[in-house]
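**Q** missing the sequence, but the structure's below:
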């Protein structure tokens, strides 16, 4: 009997052949039923009352078989429908070959043999081999029927032999062709599925790699922040000592005074505490590790908010100039990352001016809709060789332990990700200018 495709014994038996094969089987069953109805009607039209009653009987049986298979197929049991079709065709063909013989059915071989072999090929190689062998046996039966009616006629026996040879060749050739075609299609489908699985695995690996890169970038930005925090620590400690000294002075004054002088001293202490709290909160917000959250920023307001921290980190011999130029522009950037970039450039400038100088942070409109952030110092500057490599990751001229060489490299990456660009201009002994260009747009008028 027909053998369905192999499946794992522990798994439930398959009931479907696949979406495309199920569609093919349904169409084939409809065509076979239609073929037998039309052929029987055509013979009845040509023959009239002398029609062999076996013709409509066979047509009815074929239609019933196809209808039963279509019911099974509609219920989602396409494997069972295919097996039923193959099994039912064998007794019907045995009846046809035994009744009419081989010669009478030679012209109908295409419509009878090919659908059977095609469905058998879908069910597997073993089923196809079984079906082909059975068809060869049935053709031998038909040839024997023809030969028994022409026992004493040599010319008729020769025709029977010719019909048998052609019939057997047609069955075997069709079975061979279908076997290799279906096998090739299955191998191609298997390769396509393997390729799809491989692509899915590569996609997952790529997503994991992208996530790892994003985590590494966030950690790199945080490392730059912490490096800047470490460099700022001495200046912050100096400011805190000064603020604590003020608090102690005001508290001592309040202890020696009464009335209005005491209230004034307490007010002064309260103001000093508020300043110390603001400095510490600013430092903690800056050093916190958080995912990047780009948003629309008022560039001038962001720079002005950073001014007190910039003034605290430079010694008294450095003139700090912050000029927003009345710029009314919005940029799409993460505020913590922008502060980190500007503070990193400020730290570099502070280290480049050990004897004092001037630090300038300015905003001005640039070509198109860009905004230019100029960070300049009057420090020692860079040679042409150093300037050419200053944007490379891990390149630094500082002693070991005093710099990672990541500040400018991270700056370039963050600015480029926002659609901007970084340019560094410097000469030995003439200071350094870093120009940051970012896409921007005008701040719209406030709604009425």
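**A** Noted; the coordinates are in hand. Worth saying up front: this structure is predicted, and the values here are computed from it rather than measured.
**Q** Flag the helix or strand of the chain with the lowest per-element mean pLDDT.
**A** Ranking every helix and strand in the chain by mean pLDDT, DSSP states H and E puts helix 260-287 at the bottom, with a mean of 59.
**Q** where do the helices sit along this protein?
**A** 19-47, 54-74, 78-100, 102-105, 109-123, 125-148, 154-256, 260-287, 299-313, 335-352, 384-389, 407-417 (DSSP state H).
**Q** And these: which comes nearest residue 425?
**A** Closest to residue 425 of those is helix 384-389 (Cβ to Cβ; 7.9 Å). All C-beta atoms are positioned from the backbone trio N, CA, C, and that covers glycine.
**Q** Which elements pack onto that closest one?
**A** strand 421-426 (3 or more Cβ pairs under 8 Å, 6 or more residues apart in numbering; DSSP states H and E).
**Q** From residue 361, how far off is residue 324?
**A** 9 Å (Cβ to Cβ, to the nearest Å).
**Q** swap that for residue 338, sorry
**A** 12 Å.
**Q** repeat for residue 111
**A** From residue 111 to residue 361 the distance is 89 Å (Cβ to Cβ).
**Q** Looking at these two, which has the bigger crowd around it?
**A** Neighbours were tallied for residue 111 and for residue 361 using other Cβ atoms under 10 Å; the higher tally belongs to residue 361 (22 against 14).
**Q** pretty sure that one is in contact with residue 374, am I right?
**A** Yes: using Cβ atoms under 8 Å, residue 361 is in contact with residue 374, at 7.2 Å.
**Q** Run through the residues that contact residue 356.
**A** 315, 317-318 (Cβ atoms under 8 Å, 6 or more residues apart in numbering).
**Q** from those, which would you call buried?
**A** Burial by neighbour count, judged by 16 or more other Cβ atoms under 10 Å, picks out residue 318 from those.
**Q** Which of the contacts of residue 356 fall in strands?
**A** If you go by DSSP state E, those have residue 318 in strands.
**Q** Give me the mean pLDDT for stretch 22-36.
**A** For stretch 22-36, mean pLDDT is 86.
**Q** That should have said stretch 90-105, apologies.
**A** pLDDT averaged over stretch 90-105 gives 86.
**Q** same question, stretch 54-65
**A** 88.
**Q** next one: that stretch to chain centre, how far?
**A** 55 Å (Cα atoms, centre = their mean, to the nearest Å).
**Q** Mind listing residues that contact it?
**A** 32-33, 36-37, 39-40, 43-44, 84-85, 88-89, 92, 95-96, 99-100.
**Q** quick one: the most centrally placed residue in the chain from residue 192, how far?
**A** For the chain, the residue nearest the mean C-alpha position is residue 203 (5.9 Å; Cα atoms, centre = their mean). Distance, residue 203 to residue 192, by Cβ to Cβ: 16 Å.
**Q** ok, now residue 138?
**A** Taking Cβ to Cβ, one finds residue 138 at 38 Å from residue 192.
**Q** Ok, residue 323 next?
**A** 64 Å.
**Q** between these two, which one's more packed in?
**A** Shown here are residue 323 and residue 192; by other Cβ under 10 Å, residue 323 has more neighbours (14 against 10).
**Q** surely that one meets residue 363?
**A** Yes: using Cβ under 8 Å, residue 323 is in contact with residue 363, at 7.2 Å.
**Q** about what we covered before: pLDDT added to the contacts of residue 356, as JSON lines?
**A** JSON lines is the format used below for the contacts of residue 356 (pLDDT from 0 to 100):
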{"residue": "315", "pLDDT": "82"}
{"residue": "317", "pLDDT": "87"}
{"residue": "318", "pLDDT": "90"}
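**Q** can you list the weak-confidence ranges in the protein?
**A** Within the chain, the stretches with pLDDT under 70 are 1-17, 150-155, 222, 224-259, 261-265, 267-292, 393-395, 397-407, 444-448.
**Q** ok, longest strand in it?
**A** For the chain, the longest strand by residue count, based on DSSP E, is strand 432-442.
**Q** I appreciate the help and will end here.
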